[in-house]
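Student: Give me a model of this one.
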Amino acid sequence: MFPHQLTDGRAFHIAQALRDGFNRHYTLFRQTSAEAKQRFEQADWQGQQRAQRERIEFYDLRVDEAVQRLLNEFDANDLPMDVWQQVKLHFIGLLTDHHQPELAETFFNSVTTRVLHHSYFLNDFIFVRPALSTEYIENDEPAATPTYRAYYPTRDTLHETMVRVVHNFQLQRPFEDLERDIARVLEVLEPEMGMSRLRANFQIQVLASLFYRNKGAYLVGKVINGFRELGFALPILHNEAGQLVIDTALHGEDDLQMLFSFARAYFMVDMEIPSAYVQFLRSLMPRKPRAEIYSALGLQKHGKNLFYRDFLYHQRHSSDRFRIAPGIKGMVMLVFDLPSFPYVFKCIKDFYPPQKETTREQIQGKYQLVKTHDRVGRMADTLEYSNVAFPRSRFEDELIAELKHFCPSLIEEDGDWLVIRHVYIERRMIPLNIFLQEATPSQIEHAVLEYGNAIKDLVAANIFPGDMLWKNFGVTRHGKVVFYDYDEIEYLTDCNFRRVPAPRNEEDEMSGEIWYSVGPRDVFPETFEPFLLGNPAVRKVFMAHHADLLDPAFWQGHKERIAAGHVHDVFPYEPERRFHLRHAV
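Tutor: Numbering: from 1, shown residues only. Model prediction:
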């Protein structure tokens with residue numbers, strides 16, 4: 001496939017331009033991530049949110065710049081294919097000693113597919129598989145910070161070592177009482193690791209950068225004692241007086257899976273060698289796909305690339321067929337899945353019922369809003385793809401008929417392939433309405449409590465879900481309730497929460513029609529009740545814990561606080577895990 005000789009001088013310069021474009025991207029990405037430390041120290045929460053949104057847009061801006069450079073300087077869209085083959089080989093050579101080669105390969109793919117206008121699956125000139133290993137990449141510069149620091153305390157020095165671990169991050173704000181906090185941390189971790197007896201290899205390894213998100217900074221590491229390893233994360237927060245506290249000690253794979261959940265915003269982490277961070281984190285969460293870890297670190301474009309590779313691999317090693325996803329069909333989205341693959345595929349329909357006054361562009365805007373917003377553990381991350389090719393033979397006839405009826409502008413049959421021009425992919429969950437139908441009384445209680453908590457977390461994050469029906473929420477394997485239907489979401493601060501006016505006369509009272517004026521963004525929380533609480537078991541739990549969701553004052557109060565600049569705390573753990581609550585007298 002590739003030429004034996006690199007004969008075209010343009011190819012090397014194009015490869016250099018692509019490498020330079022990526023390097024510019026990662027320099028800016030890393031600078032913004034490193035500045036999260038100062039924003040945390042200064043309690044600049046709005047600045048942290050703004051940086052989070054802007055950083056997500058960096059990648060596409062740098063891709064656009066690289067595309068324009070290739071078109072302007074090299075007439076790249078008119079080059080013969082053998083030149084592009086040489087470009088790829090030169091690019092591989094330029095990455096030999098690179099510290100982020102896997103990310104650079106993804107950048108190469110993003111630019112070249114834009115220039116060549118080829119669909120991903122047919123392109124011979126992209127990195128379908130990685131060309132360079134990311135194992136054991138090291139920064140050999142004398143002053144370089146290693147990926148993680150290792151500490152070797154004795155039983156007598158364990159406490160003071162942990163204090164030193166925290167101090168080594170040099171946060172420019174005092175702790176309220178770090179000695180107390182470390183004592184509480186060890187009180188949690190010591191029984192988990194059998195630290196009463198330290199083995200010869202006893203050590204604590206801590207990643208060199210803190211992980212910043214929302215109003216927290218997370219210290220992430222692991223304890224090794226003999227053959228046992230325990231991952232842990234220590235959330236560092238500001239207290240009401242502006243001093244720092246360690247809020248709790250998270251430990252074990254399940255805790256860390258929740259911290260790095262697909263339903264949470266991406267972390268800000270200062271990483272010279274991201275693959276080394278991913279390798280360390282996978283040792284703490286071996287069940288978590290590398291794609292999700294890269295995304296959690298803010299490298300969502302590479303996460304998306306890895307996900308697609310995993311998807312192709314799964315298709316080659318499975319034989320079941322794509323089908324219409326179980327559950328109530330949506331009005332604006334056609335949803336299908338592959339039973340053996342834990343994700344769903346969502347296509348925007350070409351037309352909608354009259355009550356849905358929206359457009360394809362508006363729906364895409366809602367999904368982009370979710371991508372750039374703090375998802376607070378309650379909104380599923382989505383992967384957006386263009387021109388995805390599926391084996392036509394793997395689709396059930398009923399699904400093909402639905403796609404041709406509802407999404408004809410999105411599909412193209414190309415020989416043995418069915419090409420879908422635009423699709424969102426999300427983690428599959430059990431729809432909450434289905435879960436409630438099959439749940440035990442205790443499961444109903446937990447799910448309804450979680451449902452209300454999910455809405456309140458969204459409200460705290462300035463999100464009004466719009467359509468709050470049970471079918472638009474899902475239950476994860478951890479029992480968390482997560483929202484996943486975004487076509488009607490709005491910023492809370494853009495909504496007008498009203499009480500239903502009192503009827504003016506008997507005719508109004510008896511009318512089956514709405515007799516009062518309703519603006520385009522008016523919301524009447526009292527009207528939620530008939531749609532949500534028909535099941536007596538559900539109603540009982542809801543009214544006991546979340547009756548305030550039916551009161552306009554609840555919504556309006558949050559709206560006013562957010563408009564005044566307040567940023568709510570969001571905790572990726574239960575409140576009872578917090579030290580100050582556990583130790584309260």
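Student: from here on, contacts and neighbour counts on C-alpha atoms
Tutor: Will do.
Student: surely Arg427 meets Lys346?
Tutor: No. Assessed by Cα atoms under 8 Å, Arg427 is found out of contact with Lys346, at 11.0 Å.
Student: what about the two, which has more around it?
Tutor: Lys346 (21 against 18; other Cα atoms under 10 Å).
Student: The more buried one touches Arg421, doesn't it?
Tutor: No. Lys346 is beyond contact range of Arg421, at 11.7 Å (criterion: Cα under 8 Å).
Student: list the contacts for Ser275?
Tutor: Taking Cα atoms under 8 Å, 6 or more residues apart in numbering as the criterion, Ser275 is in contact with 100, 134-135.
Student: now those: which count as buried?
Tutor: Listed as buried from those are 100, 134; burial here means 16 or more other Cα atoms under 10 Å.
Student: Tell me which of the contacts of Ser275 fall in helices.
Tutor: Per DSSP state H, helices hold no members of the contacts of Ser275.
Student: Quick one: neighbours of Phe262, just the number.
Tutor: Count around Phe262 with other Cα under 10 Å applied: 22.
Student: right, and Arg39 touches Gln46 too?
Tutor: No. Applying Cα under 8 Å, one finds Arg39 not in contact with Gln46, separated by 9.2 Å.
Student: Okay, buried residues for stretch 332-349 please.
Tutor: 332-338, 343-349.
Student: Report the two of those separated the most.
Tutor: The span of these, defined through Cα to Cα, is set by Val332 and Leu338 at 20.4 Å.
Student: in this structure, which helix or strand is least confident?
Tutor: helix 506-510 (a mean of 68; mean pLDDT, DSSP states H and E).
Student: what's the average pLDDT for the helix or strand just after that one?
Tutor: With elements assigned by DSSP states H and E, the helix or strand that comes after helix 506-510 is strand 522-523. In this model, strand 522-523 has an average pLDDT of 92.
Student: State the next helix or strand along the chain beyond strand 522-523.
Tutor: Heading C-terminal from strand 522-523 (DSSP H and E), you reach helix 529-532.
Student: ok, back up a step: what is in contact with Arg427 and Lys346 at once?
Tutor: Common neighbours of Arg427 and Lys346 (Cα under 8 Å, 6+ apart) do not exist.
Student: From Thr527, how far off is the residue lying farthest from the centre of the chain?
Tutor: For the chain, the residue at maximal distance from the C-alpha centroid (Cα atoms, centre = their mean) is Glu506, at 51.5 Å. Distance of Glu506 to Thr527, computed by Cα to Cα, to the nearest Å: 20 Å.
Student: next one: Lys471
Tutor: 18 Å.
Student: ok, those two, which is more surrounded?
Tutor: Lys471 (20 against 13).
Student: Now the more buried one: closest residue in space that isn't a chain neighbour?
Tutor: Distances taken as Cα to Cα, 6 or more residues apart in numbering place Asn433 nearest to Lys471, at 5.1 Å, with adjacent residues excluded.
Student: is it true that that neighbour lies in a helix?
Tutor: Yes. Under DSSP: H, G, I helix; E, B strand; the rest coil, Asn433 sits within a helix.
Student: give me every residue that touches it.
Tutor: 470-471, 473.
Student: so which of the residues you listed comes closest to Leu237?
Tutor: Nearest to Leu237, judged by Cα to Cα, of the contacts of Asn433 is Phe473 at 29.9 Å.
Student: Can you verify my assumption that that closest one contacts Lys480?
Tutor: No. Using Cα under 8 Å, Phe473 is not in contact with Lys480, being 10.0 Å away.
Student: Among these two, which residue is more densely surrounded?
Tutor: Applying other Cα under 10 Å to Phe473 and Lys480 shows that Phe473 carries more neighbours, namely 24 against 19.
Student: tell me the contacts of the nearest residue to the more buried one once chain neighbours are set aside?
Tutor: Sequence neighbours aside, Phe483 is the residue nearest to Phe473 in space, at 4.4 Å (criterion: Cα to Cα, 6+ apart). Phe483 makes contact with 378-380, 454, 472-474, according to Cα under 8 Å, 6+ apart.
Student: Any idea what Phe483 is bridged to?
Tutor: Met379, Phe473 (DSSP bridges).
Student: if I look at it, how far off is Pro572?
Tutor: From Phe483 to Pro572 the distance is 16 Å (Cα to Cα).
Student: Check Ala233 too.
Tutor: Relative to Pro572, Ala233 is positioned 11 Å away (Cα to Cα).
Student: so Leu458, which of the three states?
Tutor: helix.
Student: Pretty sure it sits against Arg378.
Tutor: Yes. Using Cα under 8 Å, Leu458 makes contact with Arg378 at a distance of 6.8 Å.
Student: the more surrounded of the two?
Tutor: Arg378 (27 against 23).
Student: ok, that one touching Lys456?
Tutor: No. Judged on Cα under 8 Å, Arg378 makes no contact with Lys456 at a distance of 9.7 Å.
Student: And the host helix or strand of Leu399, what does it pack against?
Tutor: Using DSSP H and E, Leu399 sits within helix 397-406. Applying 3 or more Cα pairs under 8 Å, 6 or more residues apart in numbering; DSSP states H and E, one finds that helix 397-406 contacts strand 323-324, strand 333-337.
Student: roughly how far is stretch 343-362 from the heart of the chain?
Tutor: 23 Å (Cα atoms, centre = their mean, to the nearest Å).
Student: what does stretch 470-487 give?
Tutor: On Cα atoms, centre = their mean, the centre of stretch 470-487 falls 14 Å from the chain's centre.
Student: ditto for stretch 307-316
Tutor: 20 Å.
Student: And it, what's buried?
Tutor: 307-309, 315.
Student: Which residues does that stretch contact?
Tutor: By Cα under 8 Å, 6+ apart, stretch 307-316 touches 128-129, 291, 341.
Student: what do you get for stretch 147-163?
Tutor: Against stretch 147-163 from outside (Cα under 8 Å, 6+ apart): 178-179, 182-183, 186, 195-196, 198, 202-208, 271, 273, 276-277.
Student: Going along the chain, name the strands of the stretch 301-450 of the chain.
Tutor: For the stretch 301-450 of the chain, the strands defined by DSSP state E, counting those that start in this stretch occupy 323-324, 333-337, 343-348, 382-391, 411-414, 417-427, 430-431.
Student: In the helix or strand containing Ile92, which of the residues would be classed as buried?
Tutor: Using DSSP H and E, Ile92 sits within helix 81-94. Neighbour counts over helix 81-94 (16+ other Cα under 10 Å) mark 82-92 as buried.
Student: domain parsing for this structure?
Tutor: For the chain, automatic domain parsing gives the domain ranges 9-122, 148-299, 318-428, 432-579.
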